[in-house]
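A.B. asks: Sequence plus predicted model, see below.
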Amino acid sequence: MFYNPDVKGDHGLPHDPFKALVSPRPIGWISTLGIDGVINLAPYSFFNAVSYFPSYVMFSSSGLKDDPMKHSWRNAEETGEFVCNIVSSELSDAMNMTAKHVPLSVDEMALAGLTPEPSEKVTAPRVKEAPAHLECEYWKTVELPTNNPKFKHGVIFGHVVGIHINDDIIVDGKVDVTRYNPVARLGYMDYTKVDEVFSMDRPDDLSMGRKMLGDAPYKNKSDT
């Protein structure tokens with residue numbers, strides 16, 4: 001089948017398949033502190049790392065009917081900070097609870113029975129129960145086009161300035177995801193968790209180069 005995603009219902013299916021195809025997507029459980037001192041916590045499946053050294057992450061947010069900007073987006077811009085908490089499988093229910101649409105004055109961390117823990121480099125608190133946290137300084141927002149003028153879409157970027165990792169998920173010097181089974185979003189109302197891992201070595205650039213040259217010895221500039 002083929003369909004135009006900009007034409008509503010063009011796919012002819014009961015539900016839009018776009019997000020089911022772009023999956024699994026990691027969940028950024030974004031904690032912020034409002035200028036009024038209220039903690040906000042919300043999960044975003046449009047979330048990922050976008051660069052390394054320096055490390056930057058992003059989460060993408062859309063507006064609500066009562067507010068064109070979601071609370072996490074607003075708080076990140078107004079305070080210049082946010083924290084990405086990593087969701088383990090045992091926290092999936094609590095994560096889902098914080099997806100509830102509630103007024104800005106509601107503390108979702110308390111609503112879900114979670115424990116706020118002070119961060120090291122930012123004022124936004126961390127979720128103590130989470131296995132890892134990325135403390136971020138807000139960098140910028142890129143606003144995206146929208147098909148509905150009543151809503152806003154924005155990609156919020158943050159510079160990772162501090163990382164916390166629970167010691168019990170580090171095995172032989174590496175983070176073992178099977179120790180905490182991170183939760184990821186699929187399409188529709190479906191989720192998955194990482195409980196199996198396989199590895200593949202990257203092709204060796206040097207040997208590939210030799211094959212392309214007919215197994216001729218590789219020469220660098222110093223050899224010519």
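C.D. replies: Ah, there it is.

A.B. asks: now the closest residue to Val127 other than its chain neighbours, what's its secondary structure?
C.D. replies: The shortest distance from Val127 to any non-neighbouring residue, by C-beta to C-beta, 6 or more residues apart in numbering, is to Asn85 (4.3 Å). C-beta here means a position set from N, CA and C on the backbone, and glycine is covered the same way. Taken by DSSP: H, G, I helix; E, B strand; the rest coil, the conformation at Asn85 corresponds to strand.

A.B. asks: Over to the one 10 residues further on?
C.D. replies: Reducing the assignment to helix, strand or coil with three-state DSSP, the entry for Met95 is helix.

A.B. asks: wait, it sits on Ser89?
C.D. replies: No. Applying C-beta atoms under 8 Å as the test, Met95 and Ser89 come out as separate, 9.9 Å apart.

A.B. asks: And for Pro93, the neighbour number?
C.D. replies: Careful, residue 93 is Asp; it's not Pro. The number of residues packed near Asp93 is 10, by other C-beta atoms under 10 Å.

A.B. asks: List the residues that contact the most centrally placed residue in the chain.
C.D. replies: In the chain, the residue lying closest to the centroid (C-alpha atoms, centre = their mean) is Phe47, at 2.8 Å. By C-beta atoms under 8 Å, 6 or more residues apart in numbering, the contact set of Phe47 is 25-28, 30, 57-60, 84.

A.B. asks: 6 Å instead?
C.D. replies: By C-beta atoms under 6 Å, 6 or more residues apart in numbering, the residues touching Phe47 are 26, 28, 59.

A.B. asks: Return the set of residues that bridge with it.
C.D. replies: Phe59 (DSSP bridges).

A.B. asks: what does the model give it for pLDDT?
C.D. replies: As predicted, Phe47 sits at a pLDDT of 98.

A.B. asks: ok, so what distance separates it from Met97?
C.D. replies: 18 Å (C-beta to C-beta, to the nearest Å).

A.B. asks: Neighbours of the residue nearest to Val127, how many?
C.D. replies: As a measure of burial, Asn85 has 29 neighbours, counting by other C-beta under 10 Å.

A.B. asks: my read: Val177 touches Val194, true?
C.D. replies: Yes. Contact criterion C-beta atoms under 6 Å: Val177 and Val194 qualify, at 5.0 Å.

A.B. asks: Show me the strands in the protein, by range?
C.D. replies: Counting by DSSP state E, the chain has strands at residues 25-26, 28-33, 39-44, 47-51, 56-62, 81-86, 116-117, 126-127, 132-144, 153-165, 170-171, 174-175, 183-185, 191-193.
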